[in-house]
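Peer 1: Sequence unavailable; structure follows:
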């Protein structure tokens, strides 16, 4: 029991996790700042994948369930990962995957009061973990300040620092034509010329609001993703995790989280952008294109279609998500920061872990030692 009004349960198995779907969806869909990366569907899909890759016992759910009068009012969507460091076993709590650009706690209406019992519970159970590493925390409102106050009150040691990559965004306060006026004259002329050439070559664009209703669509996206990476050292993303994206299509799609922007020549897909609808924002998640059509700048073409769609549908922001590539900066009107939070306790293993994780020189030295021993 935490305080006088809250209790916390720890969910550590897939069977227990499956019972949370209804409550988790309720909290995610009623959040003030919706986040697809903290939905039940996202957590379930990636947890199943990672358990299969790493193995049970080394990777498992560690979801903190905050209750008031037996009703679920908050969720900390964490996993426990066990691995070896320095010849010892390390127990680490973190978010489910690094494929999420923003991470949050899933809290109800009284979020300001719910952070304290969650942090206090982590403090009371500190002998059960060595390090808490919360990556890509979103700094919405005063969420970060609330967490810092709770950590100080609970007597936990922590370090907070900004992630290297910010998330550029564009305010949608007009259609694509009006937003393009902010670009340089040369950029506008080049983009218009490419769009005219694309139309004359028979290319067309459409925004698919219900992608799960097109049975063959995901297979087309995967084929295009593989084609993009044929000459690249990097593996395809969607194609590497087909079962994850199939589950996201099936579960998150009908709930209104997903969209796909598609550039086609007849029935042949030329480029796609898979993204998310989070409240009043469009999130640009992953894309691929047929390299033989790169002269048309497919990404820019899809972006203009999405800006028109966003303006017509009442969205007020287009978030490019992580990465400060030049093409994003050309369009963006600002940046959303993200944070990393390391939490440790007084045990020597915990202090050693945080030294390695927070110090780049120590990390590099450890990597060299590991490489030499494995050589």
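Peer 2: Great, that's in hand. Here the structure is a predicted model, which means the values were calculated and not measured.
Peer 1: Helices of the stretch 51-200 of the chain, start to end?
Peer 2: Assigned by DSSP state H, counting those that start in this stretch, the stretch 51-200 of the chain shows helices spanning 111-124, 143-154, 176-179, 185-200.
Peer 1: elements contacting the third one?
Peer 2: In other words, helix 176-179. Here helix 176-179 touches helix 298-313, going by 3 or more Cβ pairs under 8 Å, 6 or more residues apart in numbering; DSSP states H and E. All C-beta spots, glycine's among them, are computed from the backbone N, C-alpha and C.
Peer 1: so how far is the helix it packs on from its chain's centroid?
Peer 2: Centroid separation between helix 298-313 and its chain, computed with Cα atoms, centre = their mean, to the nearest Å, is 21 Å.
Peer 1: do the same with stretch 180-196
Peer 2: The answer for stretch 180-196 is 31 Å, by Cα atoms, centre = their mean.
Peer 1: contacts for it?
Peer 2: Contacts with stretch 180-196, where a contact means Cβ atoms under 8 Å, 6 or more residues apart in numbering, come from 295-297, 300-301, 304, 330-331, 333.
Peer 1: Could you rerun that using 10 Å?
Peer 2: 170, 174, 176-177, 203, 205, 295-298, 300-301, 303-305, 307, 330-331, 333 (Cβ atoms under 10 Å, 6 or more residues apart in numbering).
Peer 1: From those, list just the buried residues.
Peer 2: 170, 176, 203, 205, 296-298, 300-301, 303-305, 307, 331 (16 or more other Cβ atoms under 10 Å).
Peer 1: measure the residue most central in space within the chain to residue 167 for me?
Peer 2: Central residue of the chain (Cα atoms, centre = their mean): residue 100, 1.9 Å from the mean position. According to Cβ to Cβ, to the nearest Å, residue 100 stands 12 Å off from residue 167.
Peer 1: rewinding a little: make JSON lines out of the helices of the stretch 51-200 of the chain and add mean pLDDT.
Peer 2: Output for the helices of the stretch 51-200 of the chain, formatted as JSON lines (pLDDT from 0 to 100):
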{"stretch": "helix 111-124", "mean pLDDT": "92"}
{"stretch": "helix 143-154", "mean pLDDT": "94"}
{"stretch": "helix 176-179", "mean pLDDT": "96"}
{"stretch": "helix 185-200", "mean pLDDT": "93"}
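Peer 1: JSON lines please, covering those helices and showing distance to residue 89.
Peer 2: Formatted as JSON lines, these follow (distance: least, Cβ to Cβ, whole Å):
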{"stretch": "helix 111-124", "distance to residue 89": "20"}
{"stretch": "helix 143-154", "distance to residue 89": "25"}
{"stretch": "helix 176-179", "distance to residue 89": "52"}
{"stretch": "helix 185-200", "distance to residue 89": "54"}
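Peer 1: tell me which strands and helices the longest strand anywhere in the chain is in contact with?
Peer 2: Longest strand in the chain by number of residues, with DSSP state E as the criterion: strand 268-278. Other helices and strands packing on strand 268-278, by 3 or more Cβ pairs under 10 Å, 6 or more residues apart in numbering; DSSP states H and E, are strand 203-208, helix 217-228, helix 242-251, strand 258-265, strand 281-289, helix 298-313, strand 317-319.
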